[in-house]
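A.B. asks: sequence-free structure coming up:
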């Protein structure tokens, strides 16, 4: 039986089981605890696929063969992460490390460990492990990927006898990976929200090693209808690809008027990011409508009561023999009524008094004018 015939007759499931069997035989396993163990010698990729129609992004982390199995529909393929989220989430939630914490608490202790004796190494490894493990457990694919890569690269750096050279290689590679956290990834026009195209001729791409500018493109095949891109040495090319795709599709970043979070929309007319915020906005609109209705009600009662006073005052003026001193008292009382009414209205608007209290007071004033004009 030839090798070609053997591969052609195997199902995808059989190939995955055989692949995992050989991985375990070789000691290549994706451990998910940051302690000393056999390192993973395979390249762990960060793979991204964008779906414009569904407005979704999918991120997978793992070995290339396993990721391809997963993309072809196999749920048993072993990957570190397989997450589908709203389009734009990768850029919006991109890690910001302005305080250089990844260098201080993630890389620096491991660098010292590679230059230290075996008695000092456990304490340094523990310090870095706690920081990286916390990042890994964040359930954010980007943090998971970088944390895993740093720890696994450290384990690999422990293998060679020349620790100094291995440490230099470790720091160079990981600094390229974490350096992207120092800059923001969500670059867009503040007025239109349109993502800015990232030019390949920028200063970064001109001065960076070719490995750091590489981005592999996987064309659609088999069950996969969207193209995929994979990154390894650096995440800058991934950001470039993402921003340029969004720009080509005419999408824009918007800030939700309810929660304040950024989201990706098909046009500038979108102001709410999710069903939760849409429900919250609808509830707020109803509250404002009810408040306006209550305000209009007590304001209308106030206007009607003022007109009632004016009508009775005019009637008194037109009544022959109506005492002038009483008319003057009625007019003075009306002025005091309007002054106090304005103060009570202000109290209702500021919330220190209820509309019912104001309307009850208005009804009482109706009796006052009746008694004053009784002749």
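C.D. replies: Structure's in. What do you need? Everything numeric here is computed off the predicted structure, so don't read it as measured data. Numbering: from 1, shown residues only.

A.B. asks: average pLDDT across stretch 190-206?
C.D. replies: The average pLDDT within stretch 190-206 is 66.

A.B. asks: Pass me the low-pLDDT residue ranges in the stretch 151-300 of the chain, would you?
C.D. replies: By pLDDT under 70, the weakly predicted segments of the stretch 151-300 of the chain are 186, 198-209, 292-296.

A.B. asks: could you pull out the helices for it?
C.D. replies: Listed in chain order, the helices of the stretch 151-300 of the chain (DSSP state H, counting those that start in this stretch) span 163-178, 203-207, 236-248, 275-317.

A.B. asks: Make JSON lines from these and add distance to residue 352 and mean neighbour count to it.
C.D. replies: For glycine as for every other residue, the C-beta is placed from the backbone atoms N, C-alpha and C. Shown next, in JSON lines, are those (distance: least, Cβ to Cβ, whole Å; neighbours: other Cβ atoms under 10 Å):
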{"stretch": "helix 163-178", "distance to residue 352": "55", "mean neighbour count": "17"}
{"stretch": "helix 203-207", "distance to residue 352": "59", "mean neighbour count": "12"}
{"stretch": "helix 236-248", "distance to residue 352": "50", "mean neighbour count": "19"}
{"stretch": "helix 275-317", "distance to residue 352": "14", "mean neighbour count": "13"}
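
A.B. asks: Can you say which of those helices is nearest to residue 362?
C.D. replies: helix 275-317 (5.0 Å; Cβ to Cβ).

A.B. asks: elements contacting that closest one?
C.D. replies: helix 324-350, helix 355-373 (3 or more Cβ pairs under 8 Å, 6 or more residues apart in numbering; DSSP states H and E).

A.B. asks: could I get the helices of the stretch 151-300 of the chain as TSV with distance to residue 133?
C.D. replies: As requested, the helices of the stretch 151-300 of the chain are exported to TSV (distance: least, Cβ to Cβ, whole Å):
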stretch	distance to residue 133
helix 163-178	16
helix 203-207	30
helix 236-248	24
helix 275-317	31
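
A.B. asks: Can you say which of the ones you listed is nearest to residue 117?
C.D. replies: helix 163-178 (11.0 Å).

A.B. asks: same for that closest one, what does it pack against?
C.D. replies: Counting by 3+ Cβ pairs under 8 Å, 6+ apart, the packing neighbours recorded for helix 163-178 are helix 108-114, helix 141-157.

A.B. asks: which one of those is the most hemmed in?
C.D. replies: Comparing these by mean neighbour count (mean count of other Cβ atoms under 10 Å), helix 141-157 comes out on top with a mean of 22.

A.B. asks: Figure out how far that helix is from the centre of its chain.
C.D. replies: How far helix 141-157 lies from its chain's middle: 24 Å, per Cα atoms, centre = their mean, to the nearest Å.

A.B. asks: Stretch 234-241 too?
C.D. replies: Distance, centroid of stretch 234-241 to centroid of chain: 19 Å (Cα atoms, centre = their mean).

A.B. asks: Residue 72 touches residue 224, doesn't it?
C.D. replies: Yes. Using Cβ atoms under 8 Å, residue 72 is in contact with residue 224, at 6.8 Å.

A.B. asks: The helices and strands packed on helix 163-178 into CSV, with extra columns for distance to residue 286?
C.D. replies: Compiled in CSV, those are given as follows (distance: least, Cβ to Cβ, whole Å):
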stretch, distance to residue 286
helix 108-114, 54
helix 141-157, 38
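
A.B. asks: Go through those helices and name the closest to residue 60.
C.D. replies: Closest among the helices and strands packed on helix 163-178, using Cβ to Cβ: helix 141-157, at 8.5 Å.

A.B. asks: could you check the angle helix 163-178 makes with that closest one?
C.D. replies: Inter-element angle recorded for helix 141-157 and helix 163-178: 170 degrees (by axes from the mean of the first three to the mean of the last three Cα atoms, to 10 degrees).

A.B. asks: now the angle from helix 141-157 to helix 236-248?
C.D. replies: Going by the same axes, to 10 degrees, helix 141-157 makes 160 degrees with helix 236-248.

A.B. asks: Which strands and helices lie in contact with helix 141-157?
C.D. replies: By 3+ Cβ pairs under 8 Å, 6+ apart, helix 141-157 packs against strand 44-51, strand 56-63, strand 81-86, helix 108-114, helix 121-136, helix 163-178.

A.B. asks: and those as CSV, adding distance to residue 192?
C.D. replies: Output for the helices and strands packed on helix 141-157, formatted as CSV (distance: least, Cβ to Cβ, whole Å):
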stretch, distance to residue 192
strand 44-51, 21
strand 56-63, 22
strand 81-86, 20
helix 108-114, 41
helix 121-136, 34
helix 163-178, 32
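
A.B. asks: Relative to the whole chain's centre, how far out is stretch 168-175?
C.D. replies: That offset, for stretch 168-175, works out to 30 Å (Cα atoms, centre = their mean).
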